[in-house]
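Enquirer: let's see this in three dimensions:
(one chain, ligands or ions: 2)
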Amino acid sequence: MTATKGLEGIVATTSSISSIVDGVLTYRGYNIDDLAEQATFEEVAYLLWFGKLPNAQELQSLQKDMSDYAAIPDALIEQIKLYPKDTNTMAALRSAVSSLALYDKEAEDMSQEANEKKAVKLQAQLPTIVAAIARIRQGLEPVAPKAGVSLAENFLYMLRGEQPEETSIKALDQALVLHADHELNASTFASRVTVATLSDIYSGVTSAIGALKGPLHGGANEAVMKMLNEVGTIDKAEAYIQQKLDNREKIMGFGHRVYKNGDPRAKHLQKMSKELGDMKGNTTLYDISVLIEEVVTGQKGLKPNVDFYSASVYTQLGIEHELFTPIFAISRVSGWTAHILEQYDGNRIIRPRAEYTGLTDQKYVPLDLR
Ligand SMILES: CC(=O)SCCNC(=O)CCNC(=O)[C@H](O)C(C)(C)COP(=O)(O)OP(=O)(O)OC[C@H]1O[C@@H](n2cnc3c(N)ncnc32)[C@H](O)[C@@H]1OP(=O)(O)O
Ligand SMILES: O=C([O-])CC(=O)C(=O)O
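Expert: Ligands and ions are numbered 1, 2, ... in the order given. Now for the predicted structure:
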């Protein structure tokens, strides 16, 4: 038995949800470029869960279900109020989603119908939880979800407590489409491992949030913003990055386990970042990002991943960096739950082997002789 570090190149399951072949990303066979330009997030979530694009009636019915489910239990809001105000937002989200199960009478119902309903519920409730965490942390009361609007609009509304403008809604919706699923990434794998024991969907999503939090995965978007803030002005960017490269430090938002010639999602976020900057008459964040890309790609051949330009996009939407990874989770819960449903269908427990590299032939020494 020989171990492969990081399971690189190992095919661990079959899946019909999303694929990456020769650098091309598809959801259920639809190219991400087409979906990013033309589909709404709700259409994409439906596609991931049910394997086809919804017709008008199916979409309307999903939107109604999401509106009906979007409120979270009062007891959970009271619980969030008890979280320390300076806690990590992903840690708060992880705890809140785990607690959500306590208030769902169908949490342990393992029928396909109940699990599909819980997937939609989790999708509807995550934005409400994230907005509540953000507002409570600022000493504000949470805003109740609005019925009959898109998830992107509702999230921005609940976050700000006022009607968001159309350009922000559109930009966030597109970002959500781009983050919705990504084959067997670490958080999705974590969710599948968890539910393959026949544990419940809330456990699977809680595991996934824990995995997404790390800076080598979803947490990189926050780390990118920290870097952009440290750089501050364009004249400092080159020296800042050079020093990091000389110190052999990782540049957040660059590199990918699967894409070696570039992440197809990055160009959409780059374009959005430029457009938002142009609209505001200030492209500083975009300009710094482009310069960083030139240096990192020029010297290391590494290309930006989905997390790199999303940082400047979210900042230009007026969103604080502590919410970047939670927003990733708001989108990715569609993919996680689609994978969880797929895992339950024809499940087998996931239990690989480890190549043992420890001591052998040890003789037990009684406690009083050690
Ligand atoms: C949504 C997402 O999860 S996208 C990824 C988000 N994560 C990040 O942006 C964090 C920065 N990037 C990384 O840490 C990595 O590129 C990962 C985690 C994405 C992929 O990791 P792996 O496939 O294991 O690649 P690995 O870390 O082995 O990198 C291969 C080589 O490229 C270098 N490298 C990879 N990424 C970077 C980077 N961002 N900056 C500098 N060097 C890098 C490594 O140091 C390594 O060099 P070496 O062979 O000289 O030691
Ligand atoms: O696939 C990966 O390893 C990470 C990633 O880009 C994602 O989850 O979107």
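Enquirer: in the stretch 101-250 of the chain, what residue spans correspond to helices?
Expert: Per DSSP state H, counting those that start in this stretch, the stretch 101-250 of the chain carries helices over the ranges 112-137, 151-160, 166-179, 186-195, 201-212, 220-231, 234-246.
Enquirer: quick check: Glu275 vs Glu320, distance?
Expert: Applying CB to CB, to the nearest Å, the value for Glu275 to Glu320 is 21 Å. Quick note: C-beta positions are derived from backbone N, CA and C, even for glycine.
Enquirer: follow-up on the earlier one: now render the helices of the stretch 101-250 of the chain as a markdown table, adding mean neighbour count, distance to ligand 2 and mean pLDDT.
Expert: As requested, these are exported to a markdown table (neighbours: other CB atoms under 10 Å; distance: least, CB to the nearest ligand atom, whole Å; pLDDT from 0 to 100):
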| stretch | mean neighbour count | distance to ligand 2 | mean pLDDT |
| --- | --- | --- | --- |
| helix 112-137 | 21 | 16 | 98 |
| helix 151-160 | 23 | 18 | 98 |
| helix 166-179 | 21 | 6 | 98 |
| helix 186-195 | 24 | 6 | 98 |
| helix 201-212 | 25 | 8 | 98 |
| helix 220-231 | 21 | 9 | 97 |
| helix 234-246 | 14 | 21 | 96 |
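Enquirer: so is stretch 28-44 next to ligand 2?
Expert: No: between stretch 28-44 and ligand 2, judged by CB under 6 Å from any ligand atom, nothing touches; the nearest distance is 10.7 Å.
Enquirer: what about that stretch, average pLDDT?
Expert: Stretch 28-44 carries an average pLDDT of 98.
Enquirer: burial of Ser111, as a residue count?
Expert: By other CB atoms under 10 Å, the residues close to Ser111 number 10.
Enquirer: check contacts around the closest residue to ligand 2 within the stretch 201-350 of the chain.
Expert: Residue of the stretch 201-350 of the chain nearest ligand 2, by CB to the nearest ligand atom: Arg257 (4.9 Å). By CB atoms under 8 Å, 6 or more residues apart in numbering, the residues touching Arg257 are Gly6, Glu8.
Enquirer: and it, that's in a helix?
Expert: No: assessed with DSSP: H, G, I helix; E, B strand; the rest coil, Arg257 is coil; it does not lie in a helix.
Enquirer: now do the phi/psi pair for it.
Expert: As for Arg257, its main-chain torsions (degrees, to the nearest 10) stand at phi -60, psi -40.
Enquirer: over to Val21?
Expert: Main-chain dihedrals, Val21, degrees, to the nearest 10: phi -130, psi 120.
Enquirer: that one: how many residues sit nearby?
Expert: Val21: 8 surrounding residues under other CB under 10 Å.
Enquirer: who's in contact with it?
Expert: For Val21, no contacting residues are found, by CB under 8 Å, 6+ apart.
Enquirer: please name the nearest non-neighbouring residue to the residue in the chain positioned nearest to ligand 1.
Expert: Closest contact between the chain and ligand 1, by CB to the nearest ligand atom, is at Gly255 (2.4 Å). Using CB to CB, 6 or more residues apart in numbering and skipping the chain neighbours, the partner closest in space to Gly255 is Leu302 (4.8 Å).
Enquirer: wait, doesn't that neighbour sit right on Gly253?
Expert: No: using CB atoms under 8 Å, Leu302 is not in contact with Gly253, being 9.6 Å away.
Enquirer: so which of these two has more stuff around it?
Expert: For Leu302 and Gly253, the more surrounded residue by other CB under 10 Å is Gly253, and the numbers stand at 28 against 19.
Enquirer: I'd guessed the more buried one sits against Gly219; true?
Expert: No: using CB under 8 Å, Gly253 is not in contact with Gly219; the gap is 11.0 Å.
Enquirer: please state the offset of stretch 23-35 from the chain centre?
Expert: Distance, stretch centre to chain centre, for stretch 23-35: 17 Å (CA atoms, centre = their mean, to the nearest Å).
Enquirer: ends of it, what's the gap?
Expert: Criterion CA to CA, to the nearest Å; first-to-last residue distance in stretch 23-35 is 16 Å.
Enquirer: give the buried residues for that stretch.
Expert: For stretch 23-35, a neighbour-count test (16 or more other CB atoms under 10 Å) marks Leu25, Thr26, Tyr27, Arg28, Tyr30, Ile32, Leu35 as buried.
Enquirer: same deal with stretch 334-350?
Expert: By neighbour count on 16+ other CB under 10 Å, the buried set for stretch 334-350 is Ser334, Gly335, Trp336, Thr337, Ala338, His339, Ile340, Leu341, Glu342, Gln343, Tyr344.
Enquirer: got the contact list for that stretch?
Expert: Here stretch 334-350 makes contact (CB under 8 Å, 6+ apart) with 12-13, 15-18, 41, 44-45, 48-49, 110, 112, 115-116, 118-119, 122-123, 180-182, 187-188, 191-193, 195-198, 201, 204-205, 208.
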